[in-house]
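In: I would like the atomic coordinates for the input below:
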Amino acid sequence: MGRLFAALVVIACAGYLLQVDDSALTTSGVASPADYFPAVNPGSGDRDFYAAHRAVVPFGRATLELPILMYHYIRVPPSMRSDLVGYNLSVAPEVFAAQMDWLASHGYHTITFDDVRLYWEREAPLPSRPVIITLDDGYQDLYSTAFPILLAHDFTAVAYIVTAFVGRPGYVTADEIVRMDRYGLEVGAHTVNHADLARASQPWLTYQLVESKRWLERLVGHPVLDMAYPSGKFNAQTVAAVERAGYYSAVTEQYSILHTQADRYQWARVRVPGGEPMSVFVTSLGVSMPTVKITRISTEPDRLALLQQA
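Out: Just a heads-up that it's a prediction; the model follows:
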């Protein structure tokens, strides 16, 4: 009878229980093993109830302190003398891996712009210490180098694809884009051929935005709602055209970690040059948003929570 009464009490409290908990704001941001446990001790023939705790950013924030990291090539940088532009756009694989190691070991959780939409629609809170990793242009090393490193850390990212470049030497193929999409990377648009949208005529601007969106949607089989301005170039006409084309957000190459829903067509990012000390990379992430702890009770272990807390 005691087990039955305890189970009934647990069921009555089931669901998501929001509670402010200073212990969730640890220095590392990583939950302890005690944050995943059977709510009722196992016994022969009786059902066990499991409680999984997770720190999240609660609803209600009008401004998100969210670093959106900007990468291009993940490769050995070329010579500064022979290719200065390529050098400035390149982050060495070992540096990228070290940065992902640091994020993982310090409790950061990678999200996509889909997660940001769900947050502002009050459908799902953000995880503690959220960060968005973006990779522009769709170079081949996105799939051959960056993707395996992300996989190894159980991370996601946003890949901005220039559609006319897909399948060319040095760029990802359509099949590779589909594989990354199926894994959970968000595919975003980066125009048809990396056009300067700030100087484009209205018909050319519309074509670049609409056709790249349609091409990617036909490829992955679902809406593509986010885009990046090539070389960060945009103006008022560009912003209006992006909204008319049906995008939810657009990112620039300006710097900030503060974002609102109202300025979602001009979200700024944090450029990662790759040659900076780790301390500079860490400082560029800014201060993490306060969290609360939610508790979910179920009859099955929460595998995702267990992995996140391991």
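In: helix or strand: which one has residue 115?
Out: helix 113-120 (DSSP states H and E).
In: and the next element down the chain from that helix?
Out: Downstream of helix 113-120 (by DSSP H and E), the next one is strand 126-127.
In: which other residues reach that following strand?
Out: Contacts with strand 126-127, where a contact means C-beta atoms under 8 Å, 6 or more residues apart in numbering, come from 54-57, 64, 66, 109, 111, 115-116, 119, 289, 308. C-beta here means a position set from N, CA and C on the backbone, and glycine is covered the same way.
In: again, only this time at 10 Å
Out: 29, 54-59, 61, 64, 66, 107-111, 115-116, 118-120, 289, 291, 308 (C-beta atoms under 10 Å, 6 or more residues apart in numbering).
In: restricted to helices, list these.
Out: Applying DSSP state H to the contacts of strand 126-127, the entries found in helices are 115, 116, 118, 119, 120, 308.
In: looking at those residues, which two lie furthest apart in space?
Out: Using C-beta to C-beta, the two most remote members of these are 120 and 308, lying 22.7 Å apart.
In: ok, those two, which is more surrounded?
Out: Under the neighbour definition other C-beta atoms under 10 Å, residue 120 and residue 308 were set side by side, and residue 308 has more, 20 against 15.
In: and the helices in the stretch 101-250 of the chain?
Out: With helices called from DSSP state H, counting those that start in this stretch, the stretch 101-250 of the chain shows them at 113-120, 140-141, 147-152, 174-183, 202-220, 236-244.
In: closest one to residue 261 among those?
Out: helix 113-120 (5.1 Å).
In: hmm, residue 130 and residue 66 touching each other?
Out: Yes. Using C-beta atoms under 10 Å, residue 66 makes contact with residue 130 at a distance of 5.8 Å.
In: shared neighbours, these two?
Out: Residues touching both residue 66 and residue 130 (C-beta under 10 Å, 6+ apart): 57, 111, 115, 116, 119, 288, 289.
In: pLDDT, distance to residue 216 and neighbour count for the residues you listed - can I get that in TSV?
Out: Listed next are the shared contacts of residue 66 and residue 130 as TSV, based on pLDDT from 0 to 100; distance: C-beta to C-beta, whole Å; neighbours: other C-beta atoms under 10 Å:
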residue	pLDDT	distance to residue 216	neighbour count
57	96	29	22
111	98	20	22
115	97	19	20
116	97	19	23
119	97	24	22
288	92	32	19
289	96	31	17
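In: how distant is stretch 187-205 from the center of its chain?
Out: Counting by C-alpha atoms, centre = their mean, to the nearest Å, stretch 187-205 is centred 24 Å from the centre of its parent chain.
In: now stretch 182-200
Out: 16 Å.
In: do the same with stretch 214-225
Out: 18 Å.
In: check stretch 177-193 too.
Out: Per C-alpha atoms, centre = their mean, the centroid offset for stretch 177-193 relative to its chain is 13 Å.
In: pull out the buried residues from it.
Out: 177, 180, 181, 185, 186, 187, 188, 189, 190, 191, 192 (16 or more other C-beta atoms under 10 Å).
In: kindly report the same for stretch 232-249.
Out: Result for stretch 232-249 [16+ other C-beta under 10 Å]: buried residues 232, 234, 238, 239, 241, 242, 245, 247, 248, 249.
In: swap in stretch 148-155?
Out: Counting neighbours by 16+ other C-beta under 10 Å, stretch 148-155 gives 149, 150, 153, 155 as buried.
In: isn't the first one up against residue 92?
Out: No. Distance between residue 149 and residue 92: 11.5 Å, which falls outside the contact criterion (C-beta under 10 Å).
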